[in-house]
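Trainee: got a structure for you, letters missing:
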């Protein structure tokens, strides 16, 4: 999705000799998440990125599914997930299917003793609270409140947090994450009608070339199993790279909402798409300006998709008792809409300050044990008030 970018030193031609000052060759690596048929980057290492010196004992990190099938509206208090020191252990899958996993995390410490690589899924980190720097072979990517960080599968990274107060909403996509096709030209440029453009995309900067021998642990997740792999050289030994496959950041605050005379359907909020699911951004915006417009969303039938809404900040005219970090799940098969009184209350309103992330999946989501631990059991009856 991002356009061509380069950092550091690279040879004039790809796949040609590129030598260090001492005459030895740098080691070229092609990085792509779809074989040789899509975006890629070329990285030049001081040492071959294949030098495994030890393999640790693998262990399961597969989500513990508690409910495979259900048909009722659900709500979960995301900020009831307790903070944990370790970044990976803090990640709690709450809603999962074969296309994506949705997780909550409240990590307190930066990743310093290991590096992480998700070999299965592109990762979308939404930063609800906290700030810091994502370190990878591509350089540094600063992040803060409201940032989406897209990390292509196979990327080796560490997260440096500024302090211990961090809240993340994480989407793992088992297909490549992309921008919506309708916002792209045939050659990949974001069009004039897109709610964001290339200027809003933040690319890695400050390439770190760490030429250091030792014992470096990379925790690699593959098929729900974590494999500790030990390498003989620091993985951030890249002297330069170029290409179109790399981590990047896009702030939800740079999303420009599309509005109209009457209520606009959810696809106008779409920000990303994967196979069988989409991610949308609900941002502060002016309400509909037809004199008889009803700003509150109309009741709609979820026939072919589960709808997940992660509430970030602001006031939500269609919902009562909304809290920061709250997640609602409205499953396929039954309609949902505004809470009682919300429609009349919305009449005449000029704007909304709501901020939320929505994930619509076209295959049913399963609920984990971690989700049941933070569920609001009364939510399903809240339309009967």
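Mentor: Cool, got the structure. Keep in mind that what you see is a predicted model, and the values were worked out from it rather than measured. Numbering: from 1, shown residues only.
Trainee: and the residue nearest to residue 94 when sequence neighbours are not counted, helix, strand or coil?
Mentor: Spatial nearest neighbour of residue 94, chain neighbours left out: residue 371 (3.9 Å); criterion: CB to CB, 6 or more residues apart in numbering. Quick note: C-beta positions are derived from backbone N, CA and C, even for glycine. For residue 371, the assignment made with DSSP: H, G, I helix; E, B strand; the rest coil gives helix.
Trainee: what's the burial count for residue 371?
Mentor: By other CB atoms under 10 Å, 28 other residues sit near residue 371.
Trainee: same thing with residue 176?
Mentor: Neighbours of residue 176 using other CB under 10 Å come to 19.
Trainee: cool, residue 167 as well?
Mentor: 22.
Trainee: contacting residues around it?
Mentor: Residue 167 is in contact with 78-79, 104-106, 127-130, 325, counting by CB atoms under 8 Å, 6 or more residues apart in numbering.
Trainee: Show me the beta-bridge partners of residue 184.
Mentor: Beta-bridge partners for residue 184, by DSSP bridges, are residue 190.
Trainee: give the contact list for it.
Mentor: Contacts of residue 184 by CB under 8 Å, 6+ apart are 190-191, 194.
Trainee: want to throw those residues into a markdown table with distance to residue 203, neighbour count and pLDDT?
Mentor: Shown next, in a markdown table, are those (distance: CB to CB, whole Å; neighbours: other CB atoms under 10 Å; pLDDT from 0 to 100):
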| residue | distance to residue 203 | neighbour count | pLDDT |
| --- | --- | --- | --- |
| 190 | 15 | 20 | 94 |
| 191 | 20 | 10 | 94 |
| 194 | 18 | 19 | 94 |
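Trainee: Which one of these is nearest to residue 21?
Mentor: Residue 21 lies nearest to residue 190 out of the contacts of residue 184, by CB to CB, at 40.6 Å.
Trainee: Next, count neighbours for residue 269.
Mentor: Per other CB under 10 Å, the neighbour tally for residue 269 reads 21.
Trainee: before we move on, what about residue 143?
Mentor: Residue 143 has 22 neighbours, counted by other CB under 10 Å.
Trainee: Can you tell me which of the contacts of residue 184 lies closest to residue 210?
Mentor: For these, the closest approach to residue 210 (CB to CB) belongs to residue 190, at 34.1 Å.
Trainee: contacting residues around that closest one?
Mentor: 179, 183-184, 196-198.
Trainee: Residue ranges in the protein under the pLDDT threshold?
Mentor: 1-2, 317-320, 385 (pLDDT under 70).
Trainee: What residue, apart from its backbone neighbours, is nearest the residue nearest in space to the middle of it spatially?
Mentor: Geometric centre of the chain, nearest residue: residue 124, 1.3 Å, by CA atoms, centre = their mean. The shortest distance from residue 124 to any non-neighbouring residue, by CB to CB, 6+ apart, is to residue 171 (4.1 Å).
Trainee: do the same with residue 32
Mentor: residue 40 (3.7 Å).
Trainee: Return the residues in contact with the one you found.
Mentor: Here residue 40 is in contact with 30-32, 243-245 (criterion: CB under 8 Å, 6+ apart).
Trainee: Residue 87 - how many residues pack around it?
Mentor: 21.
Trainee: show me what contacts it?
Mentor: Contacts of residue 87 (CB under 8 Å, 6+ apart): 105, 107, 109-111, 116, 159.
Trainee: Can you say which of those residues are buried?
Mentor: 105, 107, 109-111, 116, 159 (16 or more other CB atoms under 10 Å).
Trainee: Next step: these restricted to strands.
Mentor: Secondary structure from DSSP state E places 105, 116, 159 of the buried ones among the contacts of residue 87 in strands.
Trainee: sec struct for the residue nearest to residue 124, please.
Mentor: strand.
Trainee: Okay, and the beta partners of it?
Mentor: Applying DSSP bridges, one finds that residue 171 bridges with residue 102, residue 124.
Trainee: That one: what's it in contact with?
Mentor: Contacts of residue 171 (CB under 8 Å, 6+ apart): 100-103, 123-124, 126, 279, 359.
Trainee: Fine, thanks again, bye for now.
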